[in-house]
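Chemist: Okay, sequence plus prediction incoming.
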Amino acid sequence: MNRKERKPEWLITKGVLDSSVIQMEKKLSSTGIKTVCREAACPNRCECWKHKSFTFILLGNDCTRNCPFCNIDYVKPLPVDESEPEKIAGFVKEMDINHIVLTSVTRDDIPDGGASQFIRTIREIRKIKKDIPIELLIPDFGDFGNYVEVIKENPSIIGHNIETVRRLYPAVRPRFKYDRCLEIISFLKSNSSGIYIKSAILAGLGESAVEIKSAMSDLAQAGCDIIYAGQYLAPSMKHYPVDRYYTPDEFADLQDYGKSLGIKSVVCAPLVRSSYRSWENL
């Protein structure tokens, strides 16, 4: 695909920054708290923020794995900000947030992969709002014992994104492994009770619809309760190129296929992202 090719009309968004969203934007800037909403240039930011739903990035903004599709920097990470859990809890209280997703960069330089930072953040938030729904979108924590400790905090949903199909892993996720992702999802499902397990796929990286369906089938067999699929949009000219744009009808077909697998919730549409309307899954 020509990198300068115009995006189809169904991918063009016109978010309205009302006064409440602008207020949240200013507050985030003043605190230094990172969100996927801003860092990943999510097209659904305004909609989620109006519903008081935020996706916070823990452990800094620098990743130890280099995925060419991702807008997160690949450099030597800074030390962990020990005050981060308290900062996020304070923001949740001040802005009266009612739904939270916690995610992070991958931190292979930390012994537990950052699992303890997730745990501390969950606990700090629950001091402010005991019953607030908390969804986790976790990286590879390494040792499975780290996952067990996170599961003990009883989040509403735990997600681990597979991102792309098996064939494209060497090019799209060169420092991850397709089967490792499935292994993590299977472990999460087998070792948690009452927690929904989630994953997401990006379309348009060079795979076929048949390959996406195969990945969805693999995720269902691993124990996924929720699967999302959305259109990949390259963050810049330097990132992995978009191979093609899937139509809304093609996403509808993927959604129908996912539902045929017996998965609890399947959400497939061009602008769907990992935490899009995630409050609706609870």
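Modeler: Done, it's in.

Chemist: Residue 172 - how many residues pack around it?
Modeler: Applying other Cβ atoms under 10 Å, we find 21 other residues in the vicinity of residue 172. (Each C-beta comes from the backbone N, C-alpha and C, glycine too.)

Chemist: Sorry, wrong one. I was asking about residue 49.
Modeler: Neighbour tally, residue 49, other Cβ under 10 Å: 24.

Chemist: Ok, the one 3 residues further on next?
Modeler: When neighbours are defined as other Cβ under 10 Å, residue 52 has 16 of them.

Chemist: mind listing what it touches?
Modeler: Going by Cβ atoms under 8 Å, 6 or more residues apart in numbering, residue 52 touches 95-99.

Chemist: Could you pull out the strands in this structure for me?
Modeler: Per DSSP state E, the chain carries strands over the ranges 34-35, 53-58, 62-63, 73-74, 99-104, 134-137, 157-159, 196-203, 226-231, 265-268.

Chemist: roughly how far out does the second one sit from the chain middle?
Modeler: Which is strand 53-58. Taking Cα atoms, centre = their mean, to the nearest Å, the mean C-alpha location of strand 53-58 is offset from the chain mean by 9 Å.

Chemist: So for residue 189, which of the strands of the chain sits nearest?
Modeler: Nearest to residue 189, of all the strands of the chain, is strand 196-203, at 4.9 Å by Cβ to Cβ.

Chemist: tell me how far that closest one is from the chain's mean position?
Modeler: Strand 196-203 has its C-alpha centroid displaced from the chain centroid by 8 Å (Cα atoms, centre = their mean).

Chemist: Could you figure out how far that strand is turned away from strand 226-231?
Modeler: Orientation of strand 196-203 against strand 226-231 (axes from the mean of the first three to the mean of the last three Cα atoms, to 10 degrees) gives an angle of 20 degrees.
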